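S.K.: output the structure for:
(chains A and B)
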Amino acid sequence: DVKVTQSSRYLVKRTGEKVFLECVQDMDHENMFWYRQDPGLGLRLIYFSYDVKMKEKGDIPEGYSVSREKKERFSLILESASTNQTSMYLCASTSMGRNNYEQYFGPGTRLTVT
Amino acid sequence: RKEVEQDPGPFNVPEGATVAFNCTYSNSASQSFFWYRQDCRKEPKLLMSVYSSGNEDGRFTAQLNRASQYISLLIRDSKLSDSATYLCVVMGGSARQLTFGSGTQLTVLP
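M.R.: Residues are numbered from 1 along each chain as shown, chains lettered A, B, ... in the order given. Now for the predicted structure:
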């Protein structure tokens, strides 16, 4: 059974703190993604990675950075958290194969920045 | 204008009803189309792909109209377990990127 895990389900941080969100997949997938989901806006792509040490900006990268040192792990970093980064963060992965449109999602991390 | 637009609902329908969701997309170069399902407080999961010829999976039928840039999902004989948010998803120029609509919420009532 495929599995994507995220380090925390709920997280509360203060404005200005550095925040790390971790994502691990056990499917040997090449591609990994970070989204945020907000009511009325749907899922918006923050960053994605095709391979180890590779990263590309998505639609809303401002205020975020990422790290992919190992194939199975993709980290999202908020250098200095702000209240407008309060959101649900979802990690996903997919393979390079024929069915690469089927993204497998983690359970999400609900981040609150106060 | 959003790249992928959906009626947010909510749609409240009785068990056994037929319900249809619509979605429009703005990028005419979009290549592939999907419906994902997201249960309350859960992650999205692929429901089905959408092809120009139309495709059916049990009680679910998906249709694509490229000329009108329009996608639909029809659910027949609704079950309580169909209650969820249905996300219209479009794959654009880069084969690895998906663009999600904001979702249509469905509640099937007993």
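
S.K.: quick check on A:Leu90: phi, psi?
M.R.: A:Leu90 has phi and psi values of phi -120, psi 130 when expressed as degrees, to the nearest 10.

S.K.: okay, now it: neighbour count?
M.R.: Counted with other Cβ atoms under 10 Å in any protein chain shown, the neighbours of A:Leu90 add up to 24. Every residue, glycine included, has its C-beta placed from N, CA and C.

S.K.: and what of A:Arg9?
M.R.: Other residues within reach of A:Arg9, judged by other Cβ under 10 Å, total 11.

S.K.: who's in contact with it?
M.R.: If a contact means Cβ atoms under 8 Å, 6 or more residues apart in numbering or on different chains, then A:Arg9 has A:Pro107, A:Gly108, A:Thr109, A:Arg110 as its contacts.

S.K.: swap in 6 Å and give it another go.
M.R.: Contacts for A:Arg9 (Cβ atoms under 6 Å, 6 or more residues apart in numbering or on different chains) come out as none.

S.K.: try the one 10 residues further on
M.R.: Shown here is A:Val19, whose contacts under the criterion Cβ under 6 Å, 6+ apart are A:Lys13, A:Leu78, A:Ala81.

S.K.: up against chain A, what does chain B have?
M.R.: Within reach of chain A by Cβ under 6 Å from any Cβ of the partner chain, chain B has these residues: B:Ser32, B:Glu43, B:Pro44, B:Leu46, B:Met91, B:Arg96, B:Phe100, B:Gly101, B:Ser102.

S.K.: and the closest residue to the last one other than its chain neighbours, what pLDDT?
M.R.: Read that as B:Ser102. Leaving aside its sequence neighbours, B:Ser102 sits nearest to A:Gly42 (Cβ to Cβ, 6 or more residues apart in numbering or on different chains; 3.7 Å). Reported pLDDT at A:Gly42 in the predicted model: 88.

S.K.: quick one, phi psi at A:Gly42?
M.R.: Note on A:Gly42: backbone dihedrals following degrees, to the nearest 10 are phi 70, psi -160.

S.K.: strands along the chain, start to end?
M.R.: Going with chain A. Ranges of strands in chain A, per DSSP state E, are A:4-6, A:10-13, A:19-25, A:31-38, A:42-49, A:56-57, A:65-70, A:73-78, A:87-94, A:104-105, A:109-113.

S.K.: the intended chain is chain B.
M.R.: Along chain B, the segments classed as strands by DSSP E run B:4-6, B:11-14, B:19-25, B:32-38, B:44-50, B:55-57, B:60-65, B:70-75, B:84-91, B:98-100, B:104-109.

S.K.: let me have those in JSON lines, extended by distance to A:Ala92.
M.R.: Below are the strands of chain B laid out as JSON lines (distance: least, Cβ to Cβ, whole Å):
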{"stretch": "strand B:4-6", "distance to A:Ala92": "17"}
{"stretch": "strand B:11-14", "distance to A:Ala92": "26"}
{"stretch": "strand B:19-25", "distance to A:Ala92": "20"}
{"stretch": "strand B:32-38", "distance to A:Ala92": "11"}
{"stretch": "strand B:44-50", "distance to A:Ala92": "8"}
{"stretch": "strand B:55-57", "distance to A:Ala92": "22"}
{"stretch": "strand B:60-65", "distance to A:Ala92": "21"}
{"stretch": "strand B:70-75", "distance to A:Ala92": "21"}
{"stretch": "strand B:84-91", "distance to A:Ala92": "12"}
{"stretch": "strand B:98-100", "distance to A:Ala92": "9"}
{"stretch": "strand B:104-109", "distance to A:Ala92": "21"}
